[in-house]
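Peer 1: Output the structure for:
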Amino acid sequence: SFDMRFHFVGGLDVPDWLLSEVLVLSKISAVRIRILAAQVLQQASGKQVPPEKFSNLLGDAFKPDDVLAVVAALNFIMLSAARFDVQDEVLMHELQQLGLPREHTQAIVNVAREGRATLQINARQRSLQLPRLESLQWSVCKDTSSAAAHAVELKLGLKTQAQPTSSTSGDPHEVSMRMSEETFTLLHEALKDAKEAMRSVI
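Peer 2: Residues are numbered from 1 along each chain as shown. Here you go, the predicted model:
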C-alpha cells in the first residue's frame, strides 16, 4: 500500500480496499464513471436509487459484489472529500496519485463539486450528537454512622438532539447517579481539566 497521507481521507493512509477498487474504476469508461458518480451522489444524498441502475450501467462483466464495490468506492471518495472539505485541485491530484486516469478523476471531481454542499449537510446530520444538558440538581447525602461515608447525588436533565428525519427534539429525560465523595472530587477535577482543554482549542 501507499506510505503517504492524503487530504481526502483526513490526512491518513488510503485504505487498501480503495486502492484495489481504483484499479477497477480505471478500467471503466470515463463517461460511465461520471454517470455512476451522479447516481451514487443521489443515493448518498438520501434519494432512492434502484440497484439495477448501477448494474445496467456496468454491464454483465461485473458481478453483483463487484458492482457494490465500485459504488462503495465512489461513495467513499465523494463523501470523504466533502467531509474534509478538500479542494477540487487537491482531490484531482490525489486521485491521480492513486493511479486513476485524468478523465476519470475529472468526472468524479465535477460530480463531487456539484454535490459537496448537500453531502456536507448530510454528514453533519449523521454525525454523533450528544444529548444537551437541560438541568442539573445535586445534593449531599450525609452518612451519620461512624463510617462517615458521605455521598453526592446528581440528577441530570438531558434532551436528545433532533434527528435528521425529524424537526423536533426528543423528550427530556432524567438521569440520576450517586457517587462517593472521593469519586465526585475526581469527576469535578476531570471536568475542570476538560473545560480548560476545550477553551484552548476554541
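Peer 1: after the longest helix along the chain comes which helix or strand?
Peer 2: The longest helix of the chain (DSSP state H) is helix 102-126. Once helix 102-126 ends, the next helix or strand along the chain (criterion: DSSP states H and E) is strand 132-141.
Peer 1: I'd like to know which elements that following strand is packed against.
Peer 2: strand 151-159 (3 or more CB pairs under 8 Å, 6 or more residues apart in numbering; DSSP states H and E). The C-beta positions use only the backbone N, C-alpha and C, and glycine is treated the same way.
Peer 1: List the strands paired with the strand it packs on, with their directions.
Peer 2: strand 132-141 (antiparallel), strand 173-180 (antiparallel) (DSSP bridges).
Peer 1: Isn't P131 up against K159?
Peer 2: Yes: with contact defined as CB atoms under 8 Å, P131 counts as touching K159 (6.1 Å).
Peer 1: what's near enough to touch the residue of the chain most remote from its centre?
Peer 2: Computed with CA atoms, centre = their mean, the maximum C-alpha offset from the centroid of the chain is found at S146, amounting to 53.0 Å. Neighbour list for S146: empty [criterion: CB atoms under 8 Å, 6 or more residues apart in numbering].
Peer 1: Run through the residues that contact V109.
Peer 2: Taking CB under 8 Å, 6+ apart, we find V109 in contact with 88, 91-92, 95.
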